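Visitor: from the sequence below, what's the structure:
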Amino acid sequence: MPMRLGTPMPDLSGATEWLNGSLQPEEFKGAPTLVHFWAVSCHICHETMPDLIRYRDEWIGQGLKIVGVHMPRQESDTDIEKVKQDINTYGITHLVGVDNRHTVASAFQNEYVPAFFLFDHNGNLYFRAAGDKGFERLKPKLDSMMQDYLSSQA
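Guide: Got it, this is the predicted structure:
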């Protein structure tokens with residue numbers, strides 16, 4: 001069963017490796033957060049990544065936290081050099097967990113890439129979606145969540 005809206009953000013500590021930094025769970029407390037699952041073999045992930053990076057850049061200075069979770073779909077996806085190459089190619093500067101054992105994916109009850117989980121500043125699930133159709137719904141939800149967050153900070 002998929003994670004329900006309002007559910008607290010699961011633990012991210014099950015990743016097998018962290019790239020672009022290390023996991024500091026306290027940095028997510030009180031911050032709106034986007035958790036994005038992707039894979040190097042996922043064509044839709046590659047198509048949507050430039051827009052996702054634009055969304056990140058639009059909101060990161062306003063308090064948004066973002067975590068990528070690389071969730072391999074096949075054995076060749078576990079090649080860390082391929083993951084690093086995609087990180088470089090797409091300009092992924094945010095924290096990326098490599099979830100080769102699918103521990104993080106299981107905690108999020110997620111089977112899909114790409115998949116998007118928005119958590120509000122209280123740490124509760126605000127929105128979730130997967131695939132290209134889900135990605136189309138991400139931007140309006142992200143904008144709404146961030147506007148709510150900024151209003152609450154004023």
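Visitor: hey, let's count contacts and neighbours off CA atoms from now on
Guide: Fine.
Visitor: now residue 86: closest residue in space that isn't a chain neighbour?
Guide: Spatial nearest neighbour of residue 86, chain neighbours left out: residue 40 (6.8 Å); criterion: Cα to Cα, 6 or more residues apart in numbering.
Visitor: for the one you found, helix, strand, or coil?
Guide: coil (DSSP: H, G, I helix; E, B strand; the rest coil).
Visitor: ok, now residue 135?
Guide: Residue 135 is classified as helix under three-state DSSP.
Visitor: count of residues packed around it?
Guide: 19 (other Cα atoms under 10 Å).
Visitor: can you give me the distance of it to residue 76?
Guide: Separation of residue 135 from residue 76 (Cα to Cα, to the nearest Å) stands at 25 Å.
Visitor: residue 122 too?
Guide: Residue 122 is 37 Å from residue 76, where distance means Cα to Cα.
Visitor: just residue 67 next, same as before
Guide: Residue 67 is 22 Å from residue 76, by Cα to Cα.
Visitor: with residue 18 instead?
Guide: Taking Cα to Cα, one finds residue 18 at 18 Å from residue 76.
Visitor: same deal with residue 14?
Guide: 20 Å.
Visitor: residue 18 and residue 76: who's more crowded?
Guide: Remark: of residue 18 and residue 76, residue 18 carries more neighbours, 17 against 11, as counted by other Cα under 10 Å.
Visitor: now residue 44: which helix or strand?
Guide: Using DSSP states H and E, residue 44 falls within helix 43-59.
Visitor: restrict that helix to CA atoms and write it as PDB.
Guide: Extracted C-alpha coordinates of helix 43-59, given in PDB (Å, rounded to 0.1, in the frame of the first residue of the first chain):
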ATOM      1  CA  HIS A  43      14.600   7.200 -19.500                       C
ATOM      2  CA  ILE A  44      11.800   9.300 -17.900                       C
ATOM      3  CA  CYS A  45      14.200  10.100 -15.000                       C
ATOM      4  CA  HIS A  46      16.700  11.600 -17.600                       C
ATOM      5  CA  GLU A  47      13.900  13.500 -19.400                       C
ATOM      6  CA  THR A  48      12.600  15.100 -16.200                       C
ATOM      7  CA  MET A  49      15.900  15.800 -14.500                       C
ATOM      8  CA  PRO A  50      16.500  19.200 -16.100                       C
ATOM      9  CA  ASP A  51      13.100  20.500 -14.900                       C
ATOM     10  CA  LEU A  52      13.600  19.000 -11.500                       C
ATOM     11  CA  ILE A  53      16.900  20.800 -11.200                       C
ATOM     12  CA  ARG A  54      15.200  24.100 -12.200                       C
ATOM     13  CA  TYR A  55      12.500  23.500  -9.500                       C
ATOM     14  CA  ARG A  56      15.300  22.900  -7.000                       C
ATOM     15  CA  ASP A  57      17.100  26.000  -8.000                       C
ATOM     16  CA  GLU A  58      13.900  28.100  -7.800                       C
ATOM     17  CA  TRP A  59      13.100  27.100  -4.200                       C
END
